[in-house]
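Q: Provide a 3D model corresponding to the input given below.
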Amino acid sequence: MADVLPLVEARLRTALGEPDARAAVTFLGTDRIEVLRFQGDSREGAVVRYATLGMSAQPMSDPTAMIADPVAGPRAELVLSVRSGPADTDKVLRPLAVLAASPQVEGLIVAPGASLDVGGPLWPGAPFTSVLVAEPGGLVEDLELDAPLDPVRFLPLLPMTPNEAAWKRVHGAQALQERWLTHGTDLRDPSRKSVPLD
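A: The predicted structure is shown next:
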């Protein structure tokens with residue numbers, strides 16, 4: 001069976017350009033996860049994108065299944081976009097790798113609408129401790145693989161403040177996204193405040 005990761009990296013390069021940095025993290029009992037940084041230009045306020053590489057090496061399996069299927073099942077990588085500036089967003093590499101390893105470690109299936117909590121700030125001083133998984137297909141197109149493998153989906157992550165995460169648990173992902181849209185929230189602002197929730 002073909003190695004999926006070179007194809008995934010090629011798709012990321014086609015969509016986002018050449019990565020200017022990469023870091024690898026290995027957790028006990030899991031495959032290595034890399035995080036690639038794509039920085040179009042170095043101007044203050046330019047968008048920096050961080051993409052995982054390694055999460056899609058194996059399909060995500062239903063946590064209730066007795067035996068994980070080594071072939072069938074959804075595959076994904078995570079993509080986070082933030083504006084460069086005074087925030088030390090490069091420290092997001094480890095939390096992103098933790099999220100990408102969660103299907104292997106915790107038996108999760110990461111899908112649009114899900115909340116993923118990192119248990120602390122996404123980077124030092126960040127007002128966000130979790131992310132909302134958004135719909136794929138806008139920034140990086142799905143990567144079709146030979147049957148019977150599922151395509152690799154590139155899932156955008158939208159940082160959430162603790163208040164937004166709590167509100168989303170009650171009202172749902174769609175309602176939170178509508179609220180962000182209504183208030184013109186810049187979801188790439190690394191130091192934005194919580195959207196009004198009353």
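
Q: alpha carbons only for contacts and neighbour counts from here, please
A: Fine.

Q: what helix or strand does the residue positioned nearest the centre of the chain sit in?
A: For the chain, the residue sitting closest to the mean C-alpha position, by Cα atoms, centre = their mean, is residue 78 at 2.9 Å. Element membership for residue 78, per DSSP states H and E: strand 75-83.

Q: so what secondary structure elements neighbour that strand?
A: strand 47-53, helix 93-106, strand 152-160 (3 or more Cα pairs under 8 Å, 6 or more residues apart in numbering; DSSP states H and E).

Q: pLDDT on that strand, on average?
A: Average pLDDT, strand 75-83: 95.

Q: what does it rub up against?
A: The set of residues external to strand 75-83 that reach it, using Cα atoms under 8 Å, 6 or more residues apart in numbering, is 44-60, 89, 96, 100, 110, 150-158, 187-190.

Q: and it, which strands flank it?
A: strand 47-53 (antiparallel), strand 152-160 (parallel) (DSSP bridges).

Q: tell me which of these sits nearest to residue 181.
A: When the strands paired with strand 75-83 are compared for distance to residue 181 using Cα to Cα, the nearest one is strand 152-160, at 12.7 Å.

Q: quick one: buried residues of the closest one?
A: 152, 153, 154, 155, 156, 157, 158, 159, 160 (16 or more other Cα atoms under 10 Å).

Q: the third one pairs with what?
A: Right, the one you point to is residue 154. In beta-bridge terms (that is, DSSP bridges), residue 154 pairs with residue 77.

Q: export stretch 173-186 to CSV, keeping only CA atoms.
A: Taking Å, rounded to 0.1, in the frame of the first residue of the first chain, the C-alpha atoms of stretch 173-186 are listed here in CSV:
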residue,chain,number,x,y,z
ALA,A,173,-21.1,24.8,16.3
GLN,A,174,-23.4,26.3,13.6
ALA,A,175,-24.8,28.9,16.1
LEU,A,176,-21.3,29.9,17.2
GLN,A,177,-20.1,30.3,13.6
GLU,A,178,-23.2,32.4,12.8
ARG,A,179,-22.4,34.6,15.8
TRP,A,180,-18.8,35.1,14.6
LEU,A,181,-20.1,36.0,11.2
THR,A,182,-22.7,38.4,12.5
HIS,A,183,-20.1,40.3,14.6
GLY,A,184,-17.4,40.2,11.8
THR,A,185,-15.0,38.3,14.1
ASP,A,186,-11.4,38.0,12.7
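
Q: and it, what's buried?
A: For stretch 173-186, the neighbour count (16+ other Cα under 10 Å) marks 173, 176, 177, 180 as buried.

Q: next, residue 168: secondary structure please.
A: Put simply, residue 168 is helix when judged by DSSP: H, G, I helix; E, B strand; the rest coil.
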